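Asks: kindly return the folded structure for what I paste below:
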Amino acid sequence: MAHGTYISSSSIFGLGYFHERNFIALPLRHVRAKVTIKESCAQVKLTQTFGNDAKTPIEAVYVFPVPARAAVSGFVMIKQDGTRIVGVVQEKAEAKATYDTAVAQGKTTSLMGQETPDVFQVSVGNISVNEQVEIELTYSTELAEDEDNDSIRLHLPVHIGARYGQSPSTLKSTSTATIGSVWKIFSSSSFRNNKAPFMEFAISVEATSPISKVGCPSHTISTELGPDPALPNAKALPFSNYARVNLTSESALDRDFVLTIKSAGLDAPRCIAELHPKHDTIGMALSLVPRFSLPDVKSQEFIFLVDRSGSMHGGRIAAASKALAIMLRSLPHMNTYFQIGSFGTSATLLWQRSRPYNQETLDDATRHVDGMEADYGGTEMRRALEMCFKHRRTDRPTSVFVLTDGDAWDLNGVFREVKDAVDAAPSKAYLRVYCLGIGNAASTAMCEGIARAGNGACMMVTEQESALTGKIARLLKAARTPLISDIKVDWGRPASETKNAMNGDDDFDMVSVTSENMVVEETKKKSLNIFDESADPTKVDSSPFPPPVVLPPPPAVQTSPATIQNLSPVFVWKQVPQTVCLRGVTEDGSNIELSIPVTLSQLPILEDAPPALHALAARKIVQDFEDGRHDAMIRNGNEARFTKDLFLLKRTIKAHIVRLGKTYSIVSSHTSFVAVDEFGKKRGSQIVARDVVVYGGSPPQQQLVPTKSAEGAMTFDYDEFDFDEGSQEEYSARGQISVKKVVKVERRVPAAGAKESQDPLERLARLQAFDGAFSLKALQVVKVDEKKAKAALPTGLQDEVVATIFAMAFIRKTMNSIKDADEKAPWEGIFDKAKMYIEASGHPVDNLIAKALKAL
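Replies: Below is the predicted model of the structure:
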C-alpha cells in the first residue's frame, strides 16, 4: 500500500487543503498568463489568484508545472490591498527556515522551490479569512524548433500527468507520498466571479520577418495580426511582423498549450546579446538549426526502446507502433544492426542481441511491433536503459531511440544511467540517445534530459498531432549523421583580455566532475544497524559542520554547454562583440567554420525579474553543474590540484549553483524564492494544517483508490495496475515495489485477423523490402494496373523495378501536396531508400519517374 492524500471522488476539484481528514476548498479563482515572444525566446508572467473561504487563517501548498528548459526568475506575492511582496532568492534550506519562522510569527509569507526541473511547489502561509492572494511567477524559456522550416514551438505546460515511482522527498514532507493522480484546475462557481473566465492566455509575438503562419495544435485560439494598438509607435511598426494570440476558458485546460509560429529566417544562425542593467556583464545566446550536408555513418546499430507502461494505453501505443513499423523501413540496408526493446515494470528485448538488417529480421520485427500493447505496468525506465546499454554492440556506433510519455519521477537515476553509458563508450563506437516525448502531459524534464545526457536530440508530440511518424523520421535522420567534434565558439573577446581575466584567479583548486585522474580514498566498510534502540532520533548530531566552501570570483566567461564552450555564456564584460565564430571538425577531419553577427536583444526587462538572457544563461550553467559537465573551482591557498574528497566536490558544486541562483535570481535545485510580509498585520489565530493539491489536468485512467488501514489512516491500494507476467514484484508495508528480474526476451505475435491499415503511407512502408525495393503489390496502393504500369516504362524492366518506380512516383506526387515538413519526413525516408535501390540497378531514376507520373 502507498500512503497518500489523494481524493478519488470526481466531485472534488480545485485548490484546497485537508483539516481533520475533511477536504476544504481553497478555490483557485483565476489563472492569467501573459507571454512575450521575441528572438526565439519567450517571457512568461503567470498570475494565479486564490482565496480563503475558511473561518480561520490557513496555509496552502500546491504544485504546478513549468517547461524544463525555463529559468524561473521572478516571484511576487500580491495581497488583496495591492501590496507587492517581492521574493528573494536564498539557499534552499535557508529559504525554508525563513518561511517557517514567518509562518510561526503569524506573517503572510510564501515559498517557491523546484522539485524537479519541470515541477515546482509553492507554499502560501497565513492567508487571512476571506482574503484573496495573487502569486505572480516570471520565467523565461527557449523556444524549440518545430516541424516546418523557419518555425518555432511554444509549449506551456498546464498539466501534471500521473508519474511512476517515488516523488521528491520535499513533496513527501507535506504528507503526500506520491503525485499520482491528475487534477483539474477549476473552482466552484460559488467561490469565484462568473463574469470573468477562469483562465486567460495573452501572447504577443514579434518577428524580424513577416509571420506566415500561427497555429495551435492543442486548442482553439483567437489570432490577430499586427502590433498591439496600445504601443506608442504601433502605426510605424511593420504590420505583418506582429501577431496577438488569445485564449480564454471557463474551466481548466485538460492538456498542455502548444503554439507554433512560422516566419522567414527563424532557422538562420543568430547571436543575441543582452547588457545587464546593474552588473557589468553581457548575456549572449547563440542559436542555429544545423543544415550540414554530411554522409551517413557507414555502419551503425539502432535500438528502439518503446514505453509500454499503462500510461501509454490507447492512442499513444497505437501511434508509436505504427510509426515504428514505418521507420524500420528507413534504416540503411547495408552494415546495419537493429534491436527493439520494450519496458514498463519489466524490460524485454526482441532478440538476445541486435541482428543484421535484412528481409527476414525486418519481417520478424514488424510482426513484433504489430503485437505491441501497453501492458507492462509501471515505468522502470532506468533499468530498461541499463538493459539496452549492456546488450549493445561495441564495434560500431549505437543510436538508442526512446519513445515514452516520460511519466516517472526517477530523473537523476535515468540521467546518470545515460551519461555513464555515453562517457564509457569507445570513441569509435560512440553512443547517442534520442527521445520522443508522446502525449498531452509528457515530462519535458525527463525527455529533454535523456537527450541532453545522451548527446542526442528530443522532440515532443501531443496526442492531437499527426506528426509522430515524421518526428521519429527526423530523429532517425539526425542519428545517421556523423558526429561533429571539437566544437568551439570564438565569442569575439580579445584573447589578451580573456587570458588576463582568467589568470587573475590562480589561487583555486580545480575540482573536475569528469576527470579520469580523480582518486577516491577508500574507507573501511562497516555494518550499520538501521534500527538501533540506543539511538535517539530527536538528538542533534554534535559533530562539527564542515567549513563553508570558499569560491573564487566567477570566471570572465561562463558558458553552457561547458563541454563545447558555446551557446549560453555570461561575460564579465561590457563591450558587445560584432561577430562570433563557430568552429568544429567532422568525423573525416574536415573543418567547419561559421561567422554570425551579434545583435542587441529587444526582450523587455520586466519589473521584479532579471534580464531574460542572463537568467537563461545562468539556468543553463546550473544545469551543467547538475549534470556533472562543469569544472568546479574552490580556493585553497596557491596550490592547484584535483581533490580526492567527493564530499567536498558535492558541496563545491552546490556553492556554485547557489551563487548563480542568488546573482541572477533564479530557482534551482539548491535555491528557492521566499517572500515575507514584514509590515502587514500578524495573524493571531492558529492556522489550519496544510496539504498538497496538484495543479494538473484531467482525471487519470489508473488512479489510487482510498481504503482505511487498521490504524484508521487514509491509505491507497494500486488499482488496475498491470505487471508483466515474467517479472516478480514484492510489496513492502509502505508500498515500495521491488522487481527481482527485469530482463527477458519477448516473442509476441499480433492477433489473427487484424484489420489492414488504410493509410497509404503505412501500406507502402510495409510493402517495401529492406533494400528499398517494392513488389508488384505496391501497384494496388498506387492504384495503377500492372499492364498499364509496364506499358508506361521501357520494356525488359524487372517487376521490382517497375513497382519501385511507380511507388516513387506516387510518393513524389504525394509529397508535392504536403506542406508540413514532419508529414513529409517519413515519405522522404521511403523514397530515398527506393532511390538507392534503383540507382544500384543502373537505371535513370528521374527519367523513369517522369514516365510513371504521366501514367498516374
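
Asks: correct me, but F831 touches K813?
Replies: No. Between F831 and K813 there is no contact under Cβ atoms under 8 Å: 11.0 Å. The way it works is simple: take the backbone N, C-alpha and C, and place the C-beta from them, glycine included.

Asks: chain center to the strand or helix carrying S321, what's the gap?
Replies: Element membership for S321 (DSSP states H and E) is helix 315-327. Distance of helix 315-327 from the chain centroid (Cα atoms, centre = their mean, to the nearest Å) equals 21 Å.

Asks: please apply the same query to stretch 654-662.
Replies: Between the centre of stretch 654-662 and the centre of its chain there are 23 Å (Cα atoms, centre = their mean).

Asks: one more: stretch 133-146?
Replies: 14 Å.

Asks: pLDDT of it, averaged?
Replies: Averaging pLDDT along stretch 133-146 gives 88.

Asks: could you do stretch 484-504 as well?
Replies: Here the average pLDDT along stretch 484-504 is 63.

Asks: ditto for stretch 45-65
Replies: Mean predicted confidence for stretch 45-65 is 80.

Asks: report the buried residues of that stretch.
Replies: Of all the residues in stretch 45-65, those buried under the rule 16 or more other Cβ atoms under 10 Å are 45-52, 54, 57-65.

Asks: just for the stretch 51-200 of the chain, where's the confidence low?
Replies: The stretch 51-200 of the chain contains residues with pLDDT under 70 at 147, 159-196.

Asks: how about the strands in it?
Replies: 58-65, 71-78, 84-86, 88-91, 109-116, 119-127, 132-142, 144-145, 151-156, 199-206 (DSSP state E, counting those that start in this stretch).

Asks: turn the ones you listed into CSV, columns for distance to M808.
Replies: Shown next, in CSV, are those (distance: least, Cβ to Cβ, whole Å):
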stretch, distance to M808
strand 58-65, 45
strand 71-78, 47
strand 84-86, 63
strand 88-91, 59
strand 109-116, 47
strand 119-127, 48
strand 132-142, 38
strand 144-145, 29
strand 151-156, 28
strand 199-206, 39
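
Asks: D420 is nearest to which of the ones you listed?
Replies: strand 109-116 (20.1 Å; Cβ to Cβ).

Asks: relative to T109, how far out is D53?
Replies: 20 Å (Cβ to Cβ, to the nearest Å).

Asks: ditto for K620
Replies: With the distance defined as Cβ to Cβ, K620 ends up 30 Å from T109.

Asks: now do N241
Replies: 44 Å.

Asks: which one of these two is surrounded by more residues?
Replies: Neighbours were counted for N241 and for T109 using other Cβ atoms under 10 Å; T109 has more, 26 against 17.

Asks: which residues does the more buried one contact?
Replies: M77, T98, Y99, A102, V103, V124, G125, N126, V674, A675, V676, D677 (Cβ atoms under 8 Å, 6 or more residues apart in numbering).

Asks: and S73, by the same measure?
Replies: Counting by Cβ under 8 Å, 6+ apart, S73 makes contact with T138, Y139, S140, A609, P610, A612, A615, Y664, S665, I666, V667.

Asks: now do 10 Å
Replies: S73 makes contacts with 43, 89, 137-140, 606, 608-612, 614-616, 618-619, 661, 664-667, 673, as judged by Cβ atoms under 10 Å, 6 or more residues apart in numbering.

Asks: same deal with L779?
Replies: L767, D785, E786, K788, A789, K790, D799, V802, A803, F806, A807, F810.

Asks: what pLDDT does it get?
Replies: Looking at L779, the pLDDT reads 94.

Asks: in PDB, list the C-alpha atoms belonging to whatever helix or strand it lives in.
Replies: Per DSSP H and E, L779 falls inside helix 778-782. Extracted C-alpha coordinates of helix 778-782, given in PDB (Å, rounded to 0.1, in the frame of the first residue of the first chain):
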ATOM      1  CA  ALA A 778       2.600  -1.800 -54.300                       C
ATOM      2  CA  LEU A 779       0.700  -1.000 -57.500                       C
ATOM      3  CA  GLN A 780      -2.500  -1.700 -55.600                       C
ATOM      4  CA  VAL A 781      -1.700   1.200 -53.200                       C
ATOM      5  CA  VAL A 782      -0.700   3.400 -56.200                       C
END
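
Asks: centre of the chain to it, how far?
Replies: Between the centre of helix 778-782 and the centre of its chain there are 40 Å (Cα atoms, centre = their mean).

Asks: now stretch 650-661
Replies: Going by Cα atoms, centre = their mean, where stretch 650-661 is centred and where its chain is centred differ by 23 Å.

Asks: send me it as CSV with only the CA atoms.
Replies: What follows is stretch 650-661 as a C-alpha-only set of coordinates in CSV (Å, rounded to 0.1, in the frame of the first residue of the first chain):
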residue,chain,number,x,y,z
LYS,A,650,29.4,17.9,-3.9
ARG,A,651,29.5,20.9,-1.6
THR,A,652,31.6,22.9,-4.1
ILE,A,653,29.1,22.3,-6.9
LYS,A,654,26.2,23.3,-4.6
ALA,A,655,28.1,26.5,-3.7
HIS,A,656,28.5,27.4,-7.4
ILE,A,657,24.8,26.7,-8.0
VAL,A,658,23.7,28.8,-5.0
ARG,A,659,26.0,31.7,-6.2
LEU,A,660,24.5,31.6,-9.7
GLY,A,661,21.0,31.4,-8.3
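
Asks: list the buried ones in it?
Replies: Buried-residue list, stretch 650-661, by 16+ other Cβ under 10 Å: R651, T652, I653, K654, A655, H656, I657, V658, R659, L660, G661.
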